[in-house]
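**Q** Pasting the sequence and the predicted coordinates here, then a few questions.
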Number of protein chains: 4
Amino acid sequence: MTKFTADEANAFLNGAFPGRGDENQVVLMEPGRAIVRLEADARHLRPGGYISGPTQMSLADTAAYMAIMTVTGLEPMTVTSNLNINFLRPCIGKAVLAEGRLMKIGQALAVIEVDVRIEGAEKPASHAIVTYALPRKD
Amino acid sequence: MTKFTADEANAFLNGAFPGRGDENQVVLMEPGRAIVRLEADARHLRPGGYISGPTQMSLADTAAYMAIMTVTGLEPMTVTSNLNINFLRPCIGKAVLAEGRLMKIGQALAVIEVDVRIEGAEKPASHAIVTYALPRKD
Amino acid sequence: MTKFTADEANAFLNGAFPGRGDENQVVLMEPGRAIVRLEADARHLRPGGYISGPTQMSLADTAAYMAIMTVTGLEPMTVTSNLNINFLRPCIGKAVLAEGRLMKIGQALAVIEVDVRIEGAEKPASHAIVTYALPRKD
Amino acid sequence: MTKFTADEANAFLNGAFPGRGDENQVVLMEPGRAIVRLEADARHLRPGGYISGPTQMSLADTAAYMAIMTVTGLEPMTVTSNLNINFLRPCIGKAVLAEGRLMKIGQALAVIEVDVRIEGAEKPASHAIVTYALPRKD
């Protein structure tokens, strides 16, 4: 059962990260899976006109964070423990999607796989494995 | 021999990333080593008042990029191939430093170790290993 | 087009790694995908009776190496550049399979995703992303 | 305070991993730091005469495991959660050393940095970051 909708997820992110702007928009929340979308502008580009590495990392991190909350519900104090990202292809286009899928959720840790791709592209521009530490339940 | 100074590095970043703002400031460039500094504001915080993971990743990526250029000189098309970051401790404070040190530079790849820490803190908040693909010389 | 069969792959491994024993057996080679199988014995176990981490790493590395050769043909001097493995669940059983799938193959690097699982199990025990440097063609 | 000596560490490893042979020898245990040594033979080589990637991974994993126990004492059920290794240079020689240093030890996780180098060499052949999950204290 999904704990909340994409609209609720965006409202949560806007409240929890007041300085973030509204760039990364959650567009899908279903059990174990979340998709986040960004419309890129000049702030997100690197030399060559590519969407920058840090932009992709930030999207991947958010997609992983929200994929966990499809299962746990609202847990702002879930924190990234490890992120490993491989850049596979140039990321050039107007909108980028990051899709996070839960690989494992245990008592202490969750591991999420994330594909980052240009909207409409078949192949991912980058691929991340993200580990989050879950808050202790005592 | 260092190929350029911290001031030249900042001028390069401002030109190559016109949308970046002037947040990440290079403060040291010496052979094989670069330090980048950020004064954090509300945009960089996550729940708990910590400096966010993506903020630390972005700093680490920039420190690695500049550490390479202490050796290669100006090479904007050097691109991140892999970034692996471990978050070790809460990152709470006003200014953050990322220090990149070259571990290896070959024909195709460079590998850089980066410590991210609050200015004045002894222990790092996070630690990254970043691999960059170097442009081909033909 | 697959460049060689599983039998040819095993013959290649036995010749290239004369000291390896015949533990890791290639059981499938198809374009972009290779599966390697190990029958575990006491040498592969760690406390708790689990198949050890290094055993899983070695299998993942071999599956990645062979997945590349489904596309490149025989290339012994393809060398691991980075391996990142997450252990997801206890790995307990008699035979283990590692399945490597090519995510990207470029001029300099190939990136492979590997699932390691007990034969017959649905969920992976571990998951690796492996980057190999390809020999230069001059 | 170091919880046990290198001799005690080797006795522990031989008991806990009865099938391992006596290849990886602990040669130093001091608070937060352990060094493991391997004399390489044909089983450890890959094409080109290099000490193989899996051999280096196994050594790095053992050095990390023992570095934790310099602080925690005997804890066989400490298990690897993530290992990320970068291969930096060819590893050619008779004996290899892996030196693990604790970067962080918390309630749930420990993170260890490991350098693998040929005995007598100045520069590392590979570098790993290893995360172990610590057994729960209830």
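**A** Looks like it arrived, so ask away.
**Q** Return the angle between stretch directions for the lengthiest helix in chain A and helix B:53-72.
**A** What stands out as the longest helix in chain A, according to DSSP state H, is helix A:53-72. Relative orientation of helix A:53-72 with respect to helix B:53-72: 150 degrees, computed using axes from the mean of the first three to the mean of the last three CA atoms, to 10 degrees.
**Q** Run the chain-centre distance for helix A:53-72.
**A** Between the centre of helix A:53-72 and the centre of its host chain there is 2 Å, according to CA atoms, centre = their mean, to the nearest Å.
**Q** Now do the buried residues in it.
**A** Within helix A:53-72, the residues that qualify as buried by neighbour count (16 or more other CB atoms under 10 Å in any protein chain shown) are A:53-71. Any C-beta I mention is one placed from the backbone N, CA and C, and that applies to glycine too.
**Q** And for stretch A:114-131?
**A** Going through stretch A:114-131 with 16+ other CB under 10 Å, the ones that come out buried are A:114-118, A:124-131.
**Q** now swap in stretch A:93-109 and tell me
**A** Under 16+ other CB under 10 Å, the buried positions of stretch A:93-109 are A:93, A:96, A:97, A:98, A:99, A:100, A:102, A:103, A:104, A:105, A:108, A:109.
**Q** Mind listing the residues bridging to the fifth one?
**A** Legend: beta-bridge partners of residue A:99 under DSSP bridges are residue A:35, residue A:115.
**Q** ok, it - contacts?
**A** Contact partners of residue A:99, counting by CB atoms under 8 Å, 6 or more residues apart in numbering or on different chains, are A:33, A:34, A:35, A:63, A:114, A:115, A:117.
**Q** how far away is it from residue A:62?
**A** 11 Å (CB to CB, to the nearest Å).
**Q** just to revisit the earlier point, just give me the closest of the contacts of residue A:99 to chain D.
**A** Proximity of these to chain D (CB to the nearest CB) peaks at residue A:114, which lies at 15.7 Å.
**Q** coming back round to it: now for the buried residues of stretch A:114-131: which two are most distant?
**A** A:118 and A:131 (25.9 Å; CB to CB).
**Q** Is any residue of stretch A:59-76 near chain B?
**A** Yes - using CB under 8 Å from any CB of the partner chain, stretch A:59-76 comes into contact with chain B via A:61, A:62, A:76.
**Q** ok, which stretches of chain A are strands?
**A** Using DSSP state E, the strands found in chain A span residues A:25-30, A:33-39, A:45-46, A:50-51, A:79-87, A:95-105, A:109-118, A:126-133.
**Q** okay, these in JSON lines with mean pLDDT next?
**A** Putting the strands of chain A into JSON lines (pLDDT from 0 to 100) gives the following:
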{"stretch": "strand A:25-30", "mean pLDDT": "96"}
{"stretch": "strand A:33-39", "mean pLDDT": "97"}
{"stretch": "strand A:45-46", "mean pLDDT": "90"}
{"stretch": "strand A:50-51", "mean pLDDT": "94"}
{"stretch": "strand A:79-87", "mean pLDDT": "97"}
{"stretch": "strand A:95-105", "mean pLDDT": "98"}
{"stretch": "strand A:109-118", "mean pLDDT": "98"}
{"stretch": "strand A:126-133", "mean pLDDT": "98"}
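**Q** what's the closest of those to residue B:24?
**A** Nearest of these (CB to CB): strand A:45-46, 13.0 Å.
**Q** Can you name every helix or strand that that closest one contacts?
**A** Under the contact criterion of 3 or more CB pairs under 8 Å, 6 or more residues apart in numbering or on different chains; DSSP states H and E, strand A:45-46 touches no helix or strand at all.
**Q** if you set the cut-off to 10 Å instead, what comes out?
**A** In this structure, strand A:45-46 makes packing contacts with helix A:53-72, judged by 3 or more CB pairs under 10 Å, 6 or more residues apart in numbering or on different chains; DSSP states H and E.
**Q** Report the angle between the helix it packs on and strand A:126-133.
**A** Calculated by the same axes, to 10 degrees, helix A:53-72 forms an angle of 50 degrees with strand A:126-133.
**Q** does any part of helix A:53-72 sit near chain C?
**A** No - remark: helix A:53-72 sits outside contact range of chain C, by CB under 10 Å from any CB of the partner chain, the gap being at least 12.7 Å.
**Q** what's the average pLDDT for that helix?
**A** Model confidence over helix A:53-72, given as mean pLDDT, is 96.
**Q** give me every residue that touches residue A:77.
**A** With contact set as CB atoms under 10 Å, 6 or more residues apart in numbering or on different chains, residue A:77 has these partners: A:16, A:133, A:134, A:135, A:136, B:46, B:47, B:48, B:50.
**Q** Quick one, which of these are buried?
**A** Judged by neighbour count, with 16+ other CB under 10 Å as the criterion, the buried members of the contacts of residue A:77 are A:16, A:133, A:134, B:46, B:50.
**Q** Name whatever forms a beta bridge with the second one.
**A** In this case it means residue A:133. For residue A:133, the residues forming beta bridges with it (DSSP bridges) are residue A:79, residue A:109.
**Q** That one against residue A:79, yeah?
**A** Yes - using CB atoms under 10 Å, residue A:133 makes contact with residue A:79 at a distance of 5.4 Å.
**Q** Can you check which residues contact both of the two?
**A** When contacts are counted by CB under 10 Å, 6+ apart, the set common to residue A:133 and residue A:79 consists of residue B:87.
**Q** Looking at the buried residues of stretch A:93-109, which two lie furthest apart in space?
**A** Comparing every pair within the buried residues of stretch A:93-109 by CB to CB identifies A:93 and A:108 as the most remote, at 37.4 Å.
**Q** what comes up buried for stretch A:17-25?
**A** The neighbour-count criterion (16+ other CB under 10 Å) identifies A:17, A:20, A:23, A:24, A:25 as the buried residues of stretch A:17-25.
**Q** coming back round to it: spit out the residues that contact residue A:99 and residue A:62 alike.
**A** Applying CB under 10 Å, 6+ apart, one finds that residue A:99 and residue A:62 are jointly contacted by A:34, A:36, A:114.
**Q** so the second one touches residue A:27, yeah?
**A** To tie it back to what came earlier, the one meant is residue A:36. Yes - using CB under 10 Å, residue A:36 is in contact with residue A:27, at 7.0 Å.
**Q** quick one, which of these two is more surrounded?
**A** Set side by side, residue A:36 and residue A:27 show more neighbours around residue A:36, with 32 against 14, by other CB atoms under 10 Å in any protein chain shown.
**Q** Across the sheet, point out what pairs with residue A:95.
**A** Residue A:95 has the following beta-bridge partners by DSSP bridges: residue A:39.
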